[in-house]
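> Test case, fold it:
(one chain, ligands or ions: 1)
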Amino acid sequence: MVRIGKREKEHQRKVASERVDVLLSLAEKFAKDRPERARRYVELAWEIAKKHRVRLGKRKRRFCRKCFTYWTAGTLRVRLVHNPYPMVVYRCLVCGEEYRFPYVREKKMRAKKS
Ligand SMILES: [Zn+2]
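As a prediction, this is how the structure comes out:
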C-alpha cells in the first residue's frame, strides 16, 4: 500500500468535495428532464463522498440516499414536525424514504440573541 501523508489526504478530500459539488450541480441540471441521468450523477457523488469521508452537510438535503433521486418539487414532500423537537421531514416520493433534519439555522439565529 502506498503511504499517504495527512496533508495529501486533506487535499484529496477537498478535491473529492469539489467533485461532489460538480456532480450534484449536474444532477440538478438534469433532474427534471432526465431523472435517470441525474440519478447516476447523485450515485457517483454519494460514492465519492463515502470513499473520501466527505462531510455532505446541507448537500444531504438535495437528494435521496436510498434511491439517489435528485429532488425537485415533484419528487419531494417537505413537512414540519414539532415533536419531540422542531424538525423538517423530507419524504422522497420516488421510494417513500423519510429523512429528518433539525432546524439548525433557526436555532443558531436564536442563540445569537442571548
Ligand atoms: Zn428515494
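> Around the ion, which positions in the chain sit nearby?
With Cβ under 5 Å from the ion as the criterion, the chain comes near the ion at residues 64, 66-67, 69, 92, 94-95, 97. Every C-beta, even on glycine, is put in place using the N, C-alpha and C of the backbone.
> Now restrict these to buried residues only.
Buried members of the residues of the chain next to the ion, scored by 16 or more other Cβ atoms under 10 Å, are 64, 69, 92, 94.
> Skipping its backbone neighbours, what lies nearest the third one in space?
Right, Cys92. Cys64 (4.0 Å; Cβ to Cβ, 6 or more residues apart in numbering).
> again with Ala45
According to Cβ to Cβ, 6+ apart, the nearest residue to Ala45 is Leu23 (3.8 Å).
> Just checking the distance from the helix or strand encompassing His11 to the centre of its chain.
Using DSSP states H and E, the element containing His11 is helix 6-30. Centroid displacement of helix 6-30 relative to its chain, using Cα atoms, centre = their mean, to the nearest Å, is 12 Å.
> Skip ahead from it and say which helix or strand is next.
Per DSSP H and E, the first helix or strand lying C-terminal to helix 6-30 is helix 35-51.
> So what's the gap between that next one and the chain middle?
On Cα atoms, centre = their mean, the centre of helix 35-51 falls 10 Å from that of its chain.
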